[in-house]
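Quick one: sequence and predicted model below, then my questions.
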Amino acid sequence: MRTWFAVLLVLIAAGLIFSGYLSATKLVSGSCAFNEPCPYFLGYPACWYGFAFYFAMFVATLLARFRRVRLVSALRVDAVISLIGIVFAGSFVVGELSRSAVTGMLGLSTCTYGLIFYVAIFAVALMALGKART
């Protein structure tokens, strides 16, 4: 169980750092990182929402790490938020696919990388939940 938890924490932290960089770049410079177009949702950059999702998962996971909440509760929060992230980032990736704009300076678009992180977090959270219940 410790291994699953450590992997989950690393994935969430990596997503938090990546989305934090994207958000800070947009906030400070007014332009999106890596010379990519900036997708917006409800008038705000999508990376800001991504940062909020990763931050919420990070807090939930840290609370479980320090035994402030039950591990199963944190895993459920991580699974639900990452599923929301999959739908959120996935909708932008589908839009990029329709415009043939999935590639970026890093090989793939930043939304695609966000989607990959959300899928990985969701899978690990589900596997950890399965282990926690047995």
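Okay, I see it. Numbers count the residues shown, from 1 in each chain.

How is Gly104 assigned, secondary-structure-wise?
For Gly104, the secondary-structure state derived from DSSP: H, G, I helix; E, B strand; the rest coil is coil.

My read is that it contacts Ala33, right?
No: with contacts defined as C-beta atoms under 8 Å, Gly104 does not count as touching Ala33, sitting 9.7 Å away. For every residue, glycine as well, the C-beta is placed using N, CA and C.

what do the two both touch?
Thr110 (C-beta atoms under 8 Å, 6 or more residues apart in numbering).

what's the spacing between Leu97 and Ala6?
33 Å (C-beta to C-beta, to the nearest Å).

what's the answer for Met105, then?
Following C-beta to C-beta, the distance that separates Met105 from Ala6 is 30 Å.

Then Ile84?
In this view, Ile84 and Ala6 are 23 Å apart by C-beta to C-beta.

Pick out whichever of those two has more residues nearby.
Here Ile84 and Ala6 are set side by side on neighbour count (other C-beta atoms under 10 Å), and the busier one is Ile84, at 15 against 12.

List the residues that contact the more buried one.
With C-beta under 8 Å, 6+ apart as the criterion, the residues that contact Ile84 are Phe53.

In the strand or helix carrying it, which residues are buried?
Ile84 is located in helix 71-98, with elements delineated by DSSP states H and E. If you call a residue buried by 16 or more other C-beta atoms under 10 Å, then helix 71-98 has these buried ones: 71, 74-75, 77-79, 81-83, 85-86, 88-90, 92-93, 96.

how distant is it from the center of its chain?
7 Å (C-alpha atoms, centre = their mean, to the nearest Å).

Which is the succeeding secondary structure element to that helix?
Moving toward the C-terminus from helix 71-98, the next helix or strand (DSSP H and E) is helix 110-133.

now that following helix against helix 71-98, angle please.
Angular relation of helix 110-133 and helix 71-98 on a 0 to 180 degree scale: 150 degrees, by axes from the mean of the first three to the mean of the last three C-alpha atoms, to 10 degrees.
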